[in-house]
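>>> Make a model of this:
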Amino acid sequence: MLIVDDVQTKVREILRVLAGAGITEEFVDTAGSVVGAAKLLKENEYGLLVLDLVLPMRLSEEPNDLGGTRLLTEIVRDPSLNRPEHIVGLTVSEEALEKAQPEFSRGLWSIVRYGPDVSDWSEALVEKARYLLARESVEHENVVSDTDILFVCALPRPELSQLKFALGNKFEEISVDGDHTRYFRSVFAEQAREVSVTVCSAPSMGLTAAASLTTKACMHFKPKIVVMTGICAGRRGEVALGQCIVASTSWDYGSGKFVGSADGVQFKANPYQLAIDPATQSAAEAVLSDQAFLDRAHDSFQGNKPNQRLTGLLAPLASGAAVQANGEFFESVAQKQVRKVAGIDMEAFAVAWAAREASGPKPLCILAKSVADFADEEKADDFQDYCSFTSALIGFEIASRLI
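Numbering: from 1, shown residues only. This next block holds a predicted model:
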C-alpha cells in the first residue's frame, strides 16, 4: 500500500488504523509529494493508495489544493505509472474535497473527510484493507505453482498428445483440488535457465470450453505466457496445407446481431478484435523467418506430412462456435469482417480473451495454429498430427524468446 501525505502526524494515524486491520508497516510505502509518489508508482504495484488532496508537487514547495487531483490525472494519463487497484482520498479541507470530487467519481474511487471528529475515513480504510487481505489469501490458495509458459489445447488428441511429443521432455501430472482437468508439468533448460511449462486440454472443442479452461489455469499457475497451438482451417489460395498461422489479430466471427429486412433475416457482424502484443509480434516474426528452424521442425516429424517445406505467417485468425465445411465461408468473412483473414478455428479468440482478462500479472498470449484443411467440402484430417506437432514447436520457440 502507498500513503501520500506531507503531514507526518496524519501518516502515523493512518498507519495505526491499517495495523489494526492487519497491515503492518513493512507492506506500506509513504511519499510526501506528487513527484515522490509518481516515482514509487513507476517502481511498484499497489493494492491501495491513500491520498491526501492538499499536496506539494515537490517537498521543497508549498502544498496546494490540486496536488492530489494532479496525481490522479497523471495515474490515468501516464502508462508508466502502475494504477493502484483502490484509491481512497483523505482531506481535512472541505474546499479541496469539493474540488476533487468529480475526478474521484470519474474513476469510481472513494473520497472522505479526515479529522479527529470523523470516523468514516478510518472505517473506509479498514474495509479496503480487509478486502485486499482476504482476496490475497484466496489467490494464494488457488495458485498451485507458478509457471513460465501455459499451453492450452483444444482436445487431448491430436493437439495435446502431439504437443507433449514435440516438446520431448517428460511431463508429470499435477493434481489440483476441486478441478477435474488433467494438468501436466515439465521443466526445460533454455539458455542457461530453467523454464517451467504446464500443458492442458479442454474436454471438448469450442469457445466456451477454451475460455473456461484458460481462466482457471491462469488462476492456478499464474503463467507469464499463454500459448494455444493445434489445428485450424485455412483460406484456400492464401495459405497452404501445413502452414502455421500465428494470429496477428483474433476475433469471434459470430459476434453481431440478426436483423429483419425485406429480404428476410440478415446477420450484421460486429466483431471485437484483439491484436497481438508488440513484443510477441517481434518474436513471432523472428521465428517465422528462421527457415532453418522451420526445416528442422518439419524434418523431426515422423509421420504423414505435406510435400512442401514448413512455412509460417503472421495473419488474422477468426474463431467461431461451429465446424465449417463450406467453400464460400471464408469469402463471406473476408468481405464482411476482415479482408485478409487467413484462418479460422473454434477456440483461439476465447483463449486470447481469457488471457487478457486474467488477474495480474497479465500473461502474454500466442496463438499458433497450423492449416489442416480449407473448411470446404473436401475437408480431411490427413495432416492433423503434423499440424499439431509443428505448431507446438513454433509456439514454444516464440514463447522461449519472450522469457
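
>>> how about Asp120, what does it touch?
Going by Cβ atoms under 8 Å, 6 or more residues apart in numbering, Asp120 touches 112-113. In short, each C-beta sits where N, CA and C put it, glycine included.

>>> Would you check how far apart it and Ile111 are?
As for Asp120, its distance to Ile111 is 10 Å (criterion: Cβ to Cβ, to the nearest Å).

>>> Ok, Val239 next?
For Val239, the distance to Ile111 - Cβ to Cβ - is 55 Å.

>>> Ala166 now?
As defined by Cβ to Cβ, Ala166 lies at a distance of 55 Å from Ile111.

>>> Check Ser212 too.
As for Ser212, its distance to Ile111 is 38 Å (criterion: Cβ to Cβ).

>>> quick one: which of these two has more around it?
The neighbour comparison of Ser212 against Ile111 (other Cβ atoms under 10 Å) goes to Ile111, with 22 against 16.

>>> Which strand or helix spans the more buried one?
Using DSSP states H and E, Ile111 falls within strand 110-113.

>>> With Ile174 instead?
Take DSSP H and E as the rule and Ile174 turns out to sit in strand 172-176.

>>> partner strands of that strand, parallel or antiparallel?
Applying DSSP bridges, strand 172-176 is found paired with strand 179-190 (antiparallel).

>>> Let me see the mean pLDDT of the strand it pairs with.
When pLDDT is averaged over strand 179-190, the result is 90.

>>> Please compute how far that strand lies from its chain's middle.
Strand 179-190 sits 19 Å away from the centroid of its parent chain (Cα atoms, centre = their mean, to the nearest Å).

>>> Tell me the helix or strand right after it.
Using DSSP H and E, the helix or strand that follows strand 179-190 towards the C-terminus is strand 193-201.

>>> Could you list the buried residues of that following strand?
For strand 193-201, a neighbour-count test (16 or more other Cβ atoms under 10 Å) marks 195-201 as buried.

>>> what do you get for stretch 295-304?
For stretch 295-304, the neighbour count (16+ other Cβ under 10 Å) marks 297-298, 301 as buried.

>>> any chance of the residues you listed in CSV, with pLDDT, secondary structure and distance to Val187 too?
Converted to CSV, those look like this (pLDDT from 0 to 100; DSSP: H, G, I helix; E, B strand; the rest coil; distance: Cβ to Cβ, whole Å):
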residue, pLDDT, secondary structure, distance to Val187
Ala297, 96, helix, 22
His298, 96, helix, 27
Phe301, 95, coil, 24
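
>>> thinking again about what came up before, contact partners of the strand holding Ile174?
Contact with strand 172-176 is made by 144-145, 182-186, 198, 220, as judged by Cβ under 8 Å, 6+ apart.

>>> Next, format the residues you listed as TSV and append distance to Gln281.
Output for those, formatted as TSV (distance: Cβ to Cβ, whole Å):
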residue	distance to Gln281
Val144	30
Ser145	29
Arg182	32
Tyr183	28
Phe184	28
Arg185	28
Ser186	27
Thr198	24
His220	28
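
>>> Quick check: of the residues you listed, which lies closest to Phe104?
Taking Cβ to Cβ as the measure, Phe104 sits nearest to His220 out of the contacts of strand 172-176, at 35.7 Å.

>>> Report the separation between the closest one and Ala355.
14 Å.

>>> So which of the two has more stuff around it?
Relative neighbour count places Ala355 above the other of His220 and Ala355, with 27 against 22, counting by other Cβ under 10 Å.

>>> List the contacts of that one.
Residues in contact with Ala355 (Cβ under 8 Å, 6+ apart) are 214, 218, 226, 362-365.

>>> Mark which of these are buried, thanks.
Buried members of these, counted by 16+ other Cβ under 10 Å: 214, 218, 226, 363-365.

>>> For the residue of the chain positioned farthest from its centre, which three-state class applies?
No residue in the chain sits farther from the centre than Asp117, which is 45.0 Å out by Cα atoms, centre = their mean. Classification of Asp117 using DSSP: H, G, I helix; E, B strand; the rest coil returns coil.

>>> what about it, distance to Lys222?
45 Å.

>>> next one: Lys170
Going from Lys170 to Lys222 by Cβ to Cβ gives 23 Å.

>>> Of the two, give the one with the bigger neighbour count.
Remark: of Lys170 and Lys222, Lys222 carries more neighbours, 20 against 9, as counted by other Cβ under 10 Å.

>>> pLDDT weak spots in this protein?
105-108, 118, 134-144, 191, 256-270, 321-330, 332-338, 376-380 (pLDDT under 70).

>>> For Glu397, give me its contacts.
By Cβ under 8 Å, 6+ apart, the contact set of Glu397 is 287, 293.

>>> do that again at 6 Å, thanks
Applying Cβ atoms under 6 Å, 6 or more residues apart in numbering to Glu397 gives the contacts Val287.

>>> Can you classify it by secondary structure?
Following three-state DSSP, the label given to Glu397 is helix.

>>> Would you mind measuring from it to Gly178?
Applying Cβ to Cβ, the value for Glu397 to Gly178 is 34 Å.
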